[in-house]
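Novice: below are the sequence and a predicted model; questions follow.
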Amino acid sequence: MRTVLLGSVAAFVMLAGPAAAQTADTAVDVATDAGTESAEIIVTAQKRSERLQDVPVAVSVVSGDRLAAQGAVNLEGAQYLVPSLNFRKSGTTINQSLYLRGVGTATFSIAGEPSVSTVLDGVVLSRAGEAFSDLVDIERIEVLRGPQGTLFGKNSSAGVVNIVSKMPGEDFGGFVEGGFFFDNGNEYRVRGGVDVPMGDRLRARVTGFYGEYDGNIFNDAPGVNRRVNGYQRYGVRGILLADVSDTVQLKLIGDWRKANDDCCAEVIGTAPTGVGSLALAGIGFQGDETRVIRQNLITRTEEESWGISLQADIELGDNTVTSITAYRDYKNREIRDGDWTAGAYAGLNQLHDDGPQTGTTFSQELRLTSPADQFFAYVLGAFYSKADSERTFTRNVVVCNPAPTPLALVTCGSPGAPATTFPSATATFGSELTNVAVFGQSTLNFSDRLRGIFGLRYTVDQNSVFHSRRTALTGPGIQPNFDQGVFFSARQGLINGDPARSNGQPYATQTTQDNLSGKVGAQFDVTDDVMAYGTYARGYKGPAYNVFFNLTASGTNVIEAETVDSFELGLKNSLFGNTLVVNVAAYYAKYKNFQANNPDLVAGVVVTRFTNAGDVSTRGAELDLNWRPLADLNISGGVAYTDAKVDEFLAPPGAAVIPAGTQLGYAPKWKGSLGVDYRIRTGGFADVTLGVQGSTQSSQFSLFDPSPVIREQGRIAAYSLVDAQIGLVGEDDRYKLTFVVKNLFDQSFAAAITNGGPGGSLRYLIPREADRYFGITGRVNF
């Protein structure tokens, strides 16, 4: 029965249209002739405030209210509202990544950047981990698909997620909100904010939050015996808005956040030979429905971040000068159980990692923006960024050999598992990424209906890295080169591999590269309510290095810059007095020197490493819909077809090649979403709100591997999710009480499946959304 219901929901979503959740975020105009409301959505996708329907870019807009209604804590939850957006979950937050139109960057390197840029209130977040902070008091999220390097810079070769916070109001007021979610581990959330006017020209908004969650996986290892995959997070954000004069406005934003996440525990499955089941030590494996692990170290992430930015908007005649100066500080400590077992066994070494990382970023952007209604409208700018990162990573191993025959779980130190040794290594490594760019984009208004688009960006990147590693060699049977590392060699011909050199000798290198990218296109108003556009864009992502703990000599080469040529056609339709918005886009993009985790050879052994994987391409079509047939009824959705695949794969000599035509990872061919919200006006003490949100997607690969057998092992099956809610809303929205059911039909799925577990087993990451759970949220506005 559940399968039939899920299939019905999926069919309804695909037929009824998309779910990019394009809701009204700013001005709402009343269409008196129809008796309904029209949503005017204002975005900053082109570095100026414009109507969404006037922007020649495929943009999905998700309001902060819709995110809150769906219980989305961060961008992982937003993927269910934007069909083109996908999320790669990893063992810790620092290794997670976003994908747009099937393209993203997955890397463990400290000197690689994401393909999807995340921008918070005009400030680029340079590290992937920073993008997954809590979404609290958000006005809207703009998801710009396709390369956006002309205006947003180098790490946006696949797109941009632009996060805009709620600004201070002119009157004193605020809100307090509390939530309790249960039946999949308990979760508590408290949020609050207040607007404080301080005169006619100065106002502030301060927001704070606290949340904690038990987790959805039970770890029954001795000494642990509790739920994991949860979190504890809290933080504060302050915004000060000052109208210094009629022509000068200053915006000062500061935020601080701390997080202790015991996420993400990896459920260990079985390998084709069944060997991997030995690691479970009696735990019954049930595929993606398994919710038990047995690991003696709790994989977790400890994070603390803060930032401050100052934006100045100065009117100079008809033009506006904008300056954004920002500094961000990011600390992340990754603690990881790398053997995924309850101890050290003969043939299954215990491997525990501890890797604190620090990072700072200073950025400065300066723009000159003309009025939009003149013949030659433009945005000119310059950008500077310097991002420094350093990590000290320690790996402690417990080894006992040989493995018993036949293979069995024999604890190190017991009879049959002698010669226990404790090798350990500590690596210190880091990167400095400096970016300088000048850019400009213009619109030529040839007539009231026809416009031309031209843009260029010139970029200079410098990427500097260093690495050193020291190994403690103790006990018999230790390999001499155990994690010895790379270093400057003193002996001719022994490049980074002279065994006579002592541990801890440093290695360093750098590269500098420049690039000219840009955009050209045209847009035409077919009617007053229909706009068509076509664009070509050249995207660029700077050079990288594969710098991580167990770096070896073969991995010291520079990873060349990634480039993309993208073509997009779109049609934006505002119908029936703007009560129905239907936007469609078709695209094709070709990526060269695609930066990705790729099979490579190290000492004759195939490993996974961050490299230039070759050429890939993506093509597809998308549709966004927002329909408000009645003042109190809103229907929003989206659907995306994505065909992202390998065109030509680069492999080192002797390594297997991923065939052309292979589907890229985290790129489901079909994905859709549909949301319906209705408010019943009772005329009594409270109105009733009803809401349903559904999302569906086809299967996707989680493993990017030459072997079709391994790729199939890592295939995540198609799944559909349905959320439902009912609420009471008081007069003038002074209070609201909402009850929600998440994953109504209890559809289990894995967010990621990877290999490399004990005995060659598979590792499953199970998100909270893979189980049905319930919640109640209360909010008071004052």
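Specialist: That came through fine.
Novice: where along the stretch 151-300 of the chain do the strands fall?
Specialist: 159-165, 173-182, 187-197, 202-213, 217-219, 226-228, 231-243, 248-261, 267-268, 292-293, 300-316 (DSSP state E, counting those that start in this stretch).
Novice: residue 637 is nearest to which of those?
Specialist: Among the strands of the stretch 151-300 of the chain, the nearest to residue 637 by C-beta to C-beta is strand 159-165 (19.3 Å). (Each C-beta comes from the backbone N, C-alpha and C, glycine too.)
Novice: please state the offset of the closest one from the chain centre?
Specialist: Taking C-alpha atoms, centre = their mean, to the nearest Å, one finds the center of strand 159-165 at 11 Å from the center of the full chain.
Novice: please name every helix or strand in contact with that strand.
Specialist: Secondary-structure packing of strand 159-165 (3 or more C-beta pairs under 8 Å, 6 or more residues apart in numbering; DSSP states H and E): strand 116-120, strand 138-145.
Novice: kindly reformat the ones you listed as a markdown table containing mean pLDDT and distance to residue 313.
Specialist: Output for the helices and strands packed on strand 159-165, formatted as a markdown table (pLDDT from 0 to 100; distance: least, C-beta to C-beta, whole Å):
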| stretch | mean pLDDT | distance to residue 313 |
| --- | --- | --- |
| strand 116-120 | 93 | 17 |
| strand 138-145 | 94 | 17 |
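Novice: what sits against the closest residue to residue 242 other than its chain neighbours?
Specialist: In this structure, residue 242 finds its nearest non-sequential neighbour in residue 250, 4.5 Å apart by C-beta to C-beta, 6 or more residues apart in numbering. Residue 250 is in contact with 240, 241, 242, 244, 310, 311, 312, counting by C-beta atoms under 8 Å, 6 or more residues apart in numbering.
Novice: most surrounded residue in those residues?
Specialist: residue 241 (21 neighbours; other C-beta atoms under 10 Å).
Novice: ok so, going back, bridged to the residue nearest to residue 242, which residues?
Specialist: residue 242, residue 312 (DSSP bridges).
Novice: cool, and residue 397?
Specialist: residue 351.
Novice: and residue 663, by the same measure?
Specialist: residue 645.
Novice: ok, it - how many residues close by?
Specialist: 20.
Novice: just to be sure, residue 129 is in a helix?
Specialist: Yes. According to DSSP: H, G, I helix; E, B strand; the rest coil, the state of residue 129 is that of a helix.
Novice: that one against residue 94, yeah?
Specialist: Yes. Counting by C-beta atoms under 8 Å, residue 129 touches residue 94, with 4.1 Å between them.
Novice: got any residues that touch both of these two?
Specialist: residue 332.
Novice: remind me which residues of the protein are low pLDDT?
Specialist: 1-39, 270-283, 403-407, 472-504, 599-608, 652-654 (pLDDT under 70).
Novice: report the central residue of it.
Specialist: residue 98 (3.4 Å; C-alpha atoms, centre = their mean).
Novice: ok, now which ones touch that one?
Specialist: Residue 98 neighbours (C-beta under 8 Å, 6+ apart): 75, 85, 86, 87, 88, 104, 114, 116, 118, 128, 131, 161.
Novice: ok, the residue nearest to the second one when sequence neighbours are not counted to residue 751 distance?
Specialist: So that's residue 85. Nearest residue to residue 85, sequence neighbours excluded (C-beta to C-beta, 6+ apart): residue 79, at 4.9 Å. Going from residue 79 to residue 751 by C-beta to C-beta, to the nearest Å gives 10 Å.
Novice: now for these two: what residues contact both?
Specialist: Shared contacts of residue 79 and residue 751, defined by C-beta under 8 Å, 6+ apart, are found at residue 87.
Novice: picking up where we left off before, possible to save the contacts of residue 250 as CSV with distance to residue 699?
Specialist: As requested, these are exported to CSV (distance: C-beta to C-beta, whole Å):
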residue, distance to residue 699
240, 48
241, 47
242, 52
244, 55
310, 47
311, 44
312, 49
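Novice: and of the residues you listed, the nearest to residue 186?
Specialist: For those, the nearest to residue 186 is residue 240 (36.4 Å; C-beta to C-beta).
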